[in-house]
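# here is my input, please return the structure:
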Amino acid sequence: MDPYQQAYQRWKTRLDRPDLLKELSAIENNIDEIQDSFYKNLGFGTGGMRGLMGVGPNRMNIYTVRKATQGLANYLHKASTDQNKKVIIAYDSRYKSKDFAVEAALVLAHNNITTYVFKKIMPTPLLSFAVRALKAQAGIVITASHNPKEYNGYKVYNGHGGQITNKAAQGIMTEITSIEDIFEIKTAEQEEAEAKNLLVWIDEEILAEYLSETKKIILRPDLLTYASDLNIVYSPLHGTGLEPIKRLLQETGFSNLHVVQEQAVADPAFPTLICPNPEEAAACCLALEMGGKINADLILVTDPDADRIGVSVKNELGQIISLTGNQTGALLIDYILHSKKAKGTLPENGIIIKTIVTSHLGATIAAKYGINYEEVLTGFKYIGEKIEEHAQRKDYTFLFGYEESYGYLISDHVRDKDAIQTCLILSEMALFYKRKGLTLCQRLQELFTEYGFYQEDLVNIHLAGVAGQKQIQAIMENLRLNSPEKIGTLRIIYSKDYFQGIEKDLLTGQDKSLTLPKSNVLYYGLENGAWCCIRPSGTEPKLKVYIGVKEATAKKAKDSLEALKKALLALINV
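Numbers count the residues shown, from 1 in each chain. Sure, this is the predicted structure:
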């Protein structure tokens with residue numbers, strides 16, 4: 001009997017939950033589904049764990065949540081001698097999110113760890129803020145971010161409010177794998193945990209504190225006199241963003257706010273969407289439609305846990321276009337640095353932090369202002385880690401962090417990407433340029449004219465199941481064994497293998513060591529400032545392919561990008 005069939009039989013005899021027994025019965029004749037659900041344990045890494053909800057060790061269910069939480073409890077007891085340990089838990093609007101949150105809290109309570117759980121759905125940035133405000137040792141968010149409705153996830157945060165990175169993830173994973181019987185993990189009784197103050201419910205006070213702190217990031221308070229002049233459309237995509245974003249914008253004067261009512265209600269079915277991802281045009285259709293009808297200046301769409309934000313604006317012809325994550329980041333960097341310089345508050349030791357797959361345009365803009373930039377691996381957790389390092393060393397002043405996948409952070413009172421504070425500064429920025437007779441699109445064109453026409457693209461190659469994982473592995477291995485010298489017509493100038501930790505200069509033949517953590521990522525620097533990067537997703541069954549170019553005109557950039565994409569996909573044979 002195959003190992004996955006053995007695991008299936010074990011769950012079949014040990015399950016005592018009617019809902020999961022029903023799901024087990026429903027797949028008993030589906031060999032492929034049984035194999036995918038039982039062939040491995042749901043992976044836990046720096047992004048925590050994320051997967052389809054269902055029965056089995058490779059699915060999100062109360063047993064896998066209990067196991068991850070028991071591993072976290074064991075890790076916290078070994079990592080800290082503090083007898084009064086605290087963990088904060090937030091959850092989004094997805095199916096079973098609150099159930100998983102409470103289940104995690106009761107495991108922690110059984111381990112004598114006080115857990116603070118939000119009474120209602122709350123954005124991921126609020127979790128990060130609460131960990132810092134309540135001086136907790138860790139935090140948990142139950143969310144699958146922008147994934148389809150069938151998914152859920154479990155993200156772990158450290159004591160400074162950032163997502164855990166490699167060392168902590170490995171420590172927790174060691175504890176998780178040492179748990180021999182997933183069915184023997186103990187939980188406290190909820191009433192008893194509440195009576196002993198081991199389970200404490202968080203009320204509205206922490207949201208008010210967060211909003212108060214976020215208002216401090218306004219760069220030009222004098223502009224707020226005219227805030228009602230800006231016509232804004234907003235959609236929370238059935239998620240957690242509505243209350244905090246609506247309150248924040250209205251309390252700062254942006255009263256001309258129009259919410260997409262069809263997507264205003266938090267709903268785990270995401271009834272108006274296939275996938276609640278603001279990176280995808282289909283998710284933004286209703287917001288764009290409303291924006292066109294009311295002649296909106298700014299259209300904002302957040303994902304279900306309100307850490308990512310999509311932005312659309314009018315172009316010079318009055319047409320609505322969606323900005324890429326890289327374009328929004330460049331606009332924000334330019335506006336923040338320009339505003340601080342005008343006020344005389346731009347620090348000499350300022351720094352922006354971006355991921356390796358994010359456009360170079362933002363770094364080029366920062367250089368004009370004498371501001372340093374730093375690159376980290378893909379994932380906002382690494383940006384949060386760097387913010388804390390610089391805060392401890394007091395060597396750099398954090399000014400902005402971002403990644404191309406619609407994640408931004410302006411103020412480090414949160415240590416993860418934060419769509420809520422970004423909404424505020426985007427609104428302020430759009431108002432600033434509106435009063436100058438410009439749209440954000442027109443300002444972006446000015447940046448391109450000054451710095452060069454940067455264009456980027458991302459191709460997500462879905463390769464699901466056991467076969468898909470093998471194909472991803474084969475592609476990465478083949479590129480390492482048969483390292484290319486050219487991609488299309490462009491010569492490779494240097495390559496970086498973050499798994500082997502080596503950068504190769506193909507012009508001189510010299511190698512040097514990389515300082516970033518080990519990761520299954522291949523990066524190629526090409527002629528003419530072009531680049532590409534290939535990596536497996538850490539949370540989804542995808543191979544992610546990034547490309548970027550810089551040219552003298554928009555048309556040249558578009559043509560170069562398409563040629564490079566075609567050549568790269570042919571190289572990896574997908």
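# what about residue 336, distance to residue 365?
10 Å (CB to CB, to the nearest Å). Every C-beta, even on glycine, is put in place using the N, C-alpha and C of the backbone.
# got it, and residue 151?
From residue 151 across to residue 365, the span is 36 Å (CB to CB).
# who's more crowded, those two?
Neighbour totals were compared for residue 151 and residue 365, and residue 365 leads with 23 against 20 (other CB atoms under 10 Å).
# so the more buried one versus residue 422, what's the distance?
To residue 422, residue 365 is 17 Å away according to CB to CB.
# in which helix or strand does residue 321 reside?
Using DSSP states H and E, residue 321 falls within strand 320-322.
# give me the contacts around that strand.
281, 284, 288, 291-292, 296, 299, 310-315, 441 (CB atoms under 8 Å, 6 or more residues apart in numbering).
# how far does it sit from its chain's centre?
How far strand 320-322 lies from its chain's middle: 22 Å, per CA atoms, centre = their mean, to the nearest Å.
# in it, which residues are buried?
320-322 (16 or more other CB atoms under 10 Å).
# in TSV: those residues, plus distance to residue 516 and pLDDT.
TSV is the format used below for these (distance: CB to CB, whole Å; pLDDT from 0 to 100):
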residue	distance to residue 516	pLDDT
320	38	94
321	34	95
322	31	96
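# tell me the one among those nearest to residue 137.
Closest approach between these and residue 137, by CB to CB: residue 322, at 39.9 Å.
# give me the buried subset of the contacts of strand 320-322.
Listed as buried from the contacts of strand 320-322 are 284, 288, 291-292, 296, 299, 310-314, 441; burial here means 16+ other CB under 10 Å.
# mind putting the residues you listed into a markdown table with secondary structure, distance to residue 357 and pLDDT?
Output for the buried ones among the contacts of strand 320-322, formatted as a markdown table (DSSP: H, G, I helix; E, B strand; the rest coil; distance: CB to CB, whole Å; pLDDT from 0 to 100):
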| residue | secondary structure | distance to residue 357 | pLDDT |
| --- | --- | --- | --- |
| 284 | helix | 22 | 97 |
| 288 | helix | 26 | 97 |
| 291 | helix | 29 | 97 |
| 292 | helix | 32 | 95 |
| 296 | coil | 30 | 97 |
| 299 | strand | 25 | 98 |
| 310 | strand | 18 | 98 |
| 311 | strand | 19 | 98 |
| 312 | strand | 22 | 98 |
| 313 | strand | 24 | 97 |
| 314 | strand | 28 | 92 |
| 441 | helix | 24 | 96 |
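# how close does residue 83 sit to residue 316?
Residue 83 sits 63 Å away from residue 316, taking CB to CB as the criterion.
# settle it for me: which of the two has more neighbours?
For residue 83 versus residue 316, neighbours defined as other CB under 10 Å are more numerous around residue 316 (10 against 6).
# give me the buried positions along stretch 496-508.
For stretch 496-508, by 16+ other CB under 10 Å, it's 496-498, 503-504, 506.
# hmm, which of the residues you listed is lowest in pLDDT?
pLDDT across the buried residues of stretch 496-508 is lowest for residue 506, at 92.
# and stretch 280-293, how far out from the chain middle?
Stretch 280-293 sits 22 Å away from the centroid of its parent chain (CA atoms, centre = their mean).
# no, scratch that, I was asking about stretch 400-412
9 Å.
# kindly check the end-to-end length of that stretch for me.
End-to-end distance for stretch 400-412: 9 Å, by CA to CA, to the nearest Å.
# any idea of the pLDDT on residue 285?
Reading off the model, residue 285 has pLDDT 96.
# element containing it, please.
Assigned by DSSP H and E, residue 285 belongs to helix 285-294.
# tell me the buried residues in that helix?
Residues of helix 285-294 classed as buried: 286-288, 290-292 (neighbour count, 16+ other CB under 10 Å).
# would you list those residues in JSON lines and tack on distance to residue 58?
Shown next, in JSON lines, are these (distance: CB to CB, whole Å):
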{"residue": "286", "distance to residue 58": "34"}
{"residue": "287", "distance to residue 58": "35"}
{"residue": "288", "distance to residue 58": "37"}
{"residue": "290", "distance to residue 58": "40"}
{"residue": "291", "distance to residue 58": "41"}
{"residue": "292", "distance to residue 58": "43"}
